[in-house]
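Asker: Predicted coordinates and the sequence they were generated for:
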Amino acid sequence: MSKGSSPGMDSKLILLIEDNVDDERLTLRALRRNNIMNEVVVACDGQEAIDYLFGTGSFSGRDLSVMPAVVILDLKLPRLSGLEVLKRIRSVPATMRLPVVVLTSSEDVNQIEESYALGANSFIQKPTDPTEFSEMVLQVAMYWLLLNRTTPERMLA
């Protein structure tokens, strides 16, 4: 896994935690179509996401100095729910400040409130229209990869 050679937007890693293959494909296609060439690590369930972030399981030994610039988190995940993943991300100093964007098809107000209470940086309902979905992915990527500023130690990470 390489960090990228240029200091620009394309060196920032995206962690996409999504179990729906169609939504995963739509997200990756939207990024590429808009020339966002960042490395995207896809975790298909909550446990795989935790393993990636903490260097356990199949990701044992991965370079933990390389952390995502943004985590895009679905809530409805197998093995470990999105809310449980968010709870674990926020419980450890190494990951507690990672930007987490909750992206879900749920309209449940309680999930919105719980996501923010657990430390989500943003909550976005997935558009059902593919064109709107693509535009939303572009907006999320542009904001979190290009416009958002992190603390100096995160910028070096």
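Answerer: Everything's here; your move.
Asker: List the contacts of the nearest residue to residue 20 once chain neighbours are set aside.
Answerer: Taking C-beta to C-beta, 6 or more residues apart in numbering, and ignoring the residues beside it in sequence, residue 20 has residue 74 as its nearest neighbour in space, at 7.1 Å. No exception for glycine: its C-beta is placed from N, CA and C like everyone else's. Contacts for residue 74 were tallied using C-beta atoms under 8 Å, 6 or more residues apart in numbering; they are 17-20, 23, 82, 102-104.
Asker: Among the residues you listed, which lie within helices?
Answerer: Secondary-structure check on the contacts of residue 74 using DSSP state H: residues within helices are 23, 82.
Asker: Now which of the contacts of residue 74 would you call buried?
Answerer: Neighbour counting over these (16 or more other C-beta atoms under 10 Å) leaves 17-19, 23, 82, 102-104 as the buried ones.
Asker: Quick check: of the contacts of residue 74, which lies closest to residue 113?
Answerer: Set against residue 113, the nearest of those by C-beta to C-beta is residue 102 (11.5 Å).
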